[in-house]
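Asks: Below are the sequence and a predicted model; questions follow.
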Amino acid sequence: MELDQLKGFFHVAKLKSFTRAAGKMYLTQPAISLQIKALEKELGEKLFERTGRRVSLTMAGEVLFRLAEEIVTKLDEIRCVIGELHDLERGRCVLGTSDTTSLYFIPELIKEYREAHPKIELQVRNRISQEVVRLVLDCEVDLGIVTLPVEEPRLTVVPLFKHPLACVVASAHPLSNRRSIRASDLRGEPMVALERNSTTRRRIDAYLAASGVQPRTAIELSSFETIKKFVAIGLGVAIVPERAATSASDGIRTVRFAKSPPCIQLGAIYRKDRFLPHPVRVFLELAQAYFQTGRGEPEQTAASPD
């Protein structure tokens, strides 16, 4: 059994496509097909069922895939370790995080990392936190920065920082002149909310429910920038990260919560059983230092007058 055959099988099984696997390995599709045929002949078992363009694993294929995943992952780790012996600045870091984190919390962190390590290739893939967890588990990204909590025993979770949430309202809204509000002040208000399958949305709903407020959702959207636009034209009020609330936006006002404002916590995640390449370890260490020193937090702005 050759390693190239095993890698070819692994990528076809994972991507469920001979064509995509061939592209990932920089081979032709016939070359991948020959590898799989040779492997099936050597093992004496059929590994894939092909129905039209669909590819699925046989029982023997399922067994081999579980074993091949560990082997291919270890081979990648070996290459990373040996590569570091020659040049600690070579390699890449693939990061998974949300649009919100990318937009409001890590641009300066990314800048610091790039300036300190210009030879490292950095990729950032934007997904909601639940999708980032999946990408980390599937080894599609090296490190995730997500909204906590993450309850997944296969992952190491490194808390990074907490960040308060604030309320945004249209400039003409009755609450716009308030210095601060309580959750109860939002009772009956139409809410422009983040999509319900997001961790931050669940945190907001839990905060309101604990204060005896049943949210009246007027509309659900997928980004805080879009939410602010809808708030500005009077479609409702919203609760967003303070960094997002205080960023420049026409037609809205930021009102903080008076006592014990709701917070979100962000953290880094990576697989427990996977070697963390040097460029990724460096990024994680920089991220910890960056947020511990408060560089990732917004400057305090004056509250709206009473």
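Replies: Structure received. Just so it is clear, the structure is predicted and the values come from calculations on it, not from any experiment.
Asks: Spatially central residue for this protein, please.
Replies: Centrality entry for the chain: nearest residue to the mean C-alpha point is residue 97, 2.8 Å, by Cα atoms, centre = their mean.
Asks: From what I see, that residue and residue 132 are in contact.
Replies: Yes. In terms of Cβ atoms under 8 Å, residue 97 counts as a neighbour of residue 132; the distance is 6.3 Å. From N, CA and C alone the C-beta is placed, and that goes for glycine too.
Asks: Show me the common contact partners of these two, please.
Replies: Between them, residue 97 and residue 132 share the neighbouring residues 125, 144, 145, 146, with contact defined by Cβ atoms under 8 Å, 6 or more residues apart in numbering.
Asks: Could you identify the helix or strand that succeeds the helix or strand that contains the third one?
Replies: What that stands for is residue 145. Using DSSP states H and E, residue 145 falls within strand 143-148. Once the chain leaves strand 143-148, the next helix or strand it forms, by DSSP H and E, is strand 155-170.
Asks: Let me know the pLDDT of the residue nearest to the centre of the chain.
Replies: The predicted structure scores residue 97 at 96 on the pLDDT scale.
Asks: roughly how far apart are it and residue 7?
Replies: For residue 97, the distance to residue 7 equals 28 Å [Cβ to Cβ, to the nearest Å].
Asks: Over to residue 148?
Replies: From residue 148 to residue 7 the distance is 34 Å (Cβ to Cβ).
Asks: how about the strands in this structure?
Replies: If you assign secondary structure with DSSP state E, the strands in the chain sit at 48-51, 54-57, 92-97, 121-126, 143-148, 155-170, 180-181, 190-194, 216-221, 238-241, 252-257, 263-271.
Asks: What are the contacting residues of the first one?
Replies: In this structure, residues lying in contact with strand 48-51 by Cβ under 8 Å, 6+ apart are 12, 13, 36, 55, 56, 57, 58, 61.
Asks: Selection in PyMOL covering whichever of the residues you listed are buried, please.
Replies: PyMOL command restricting the contacts of strand 48-51 to the buried ones, with burial defined by 16 or more other Cβ atoms under 10 Å:
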select buried, resi 12+13+36+55+57+61
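Asks: what about residue 112, how many neighbours?
Replies: 17 (other Cβ atoms under 10 Å).
Asks: how many neighbours does the nearest residue to it once chain neighbours are set aside have?
Replies: Using Cβ to Cβ, 6 or more residues apart in numbering and skipping the chain neighbours, the partner closest in space to residue 112 is residue 286 (6.4 Å). Burial of residue 286 is recorded as 16 neighbouring residues (other Cβ under 10 Å).
Asks: Residue 100 too?
Replies: Look at residue 100: counted by other Cβ under 10 Å, it has 24 neighbours.
Asks: Residue 227 is in contact with that one, correct?
Replies: No. Judged on Cβ under 8 Å, residue 100 makes no contact with residue 227 at a distance of 10.4 Å.
Asks: any idea which helix or strand of the chain has the worst average confidence?
Replies: Taking mean pLDDT, DSSP states H and E as the measure, the chain has helix 59-86 as its least confident helix or strand, at a mean of 78.
Asks: Against which helices or strands is that helix packed?
Replies: For helix 59-86, the contact count by 3 or more Cβ pairs under 8 Å, 6 or more residues apart in numbering; DSSP states H and E identifies helix 3-15 as packing neighbours.
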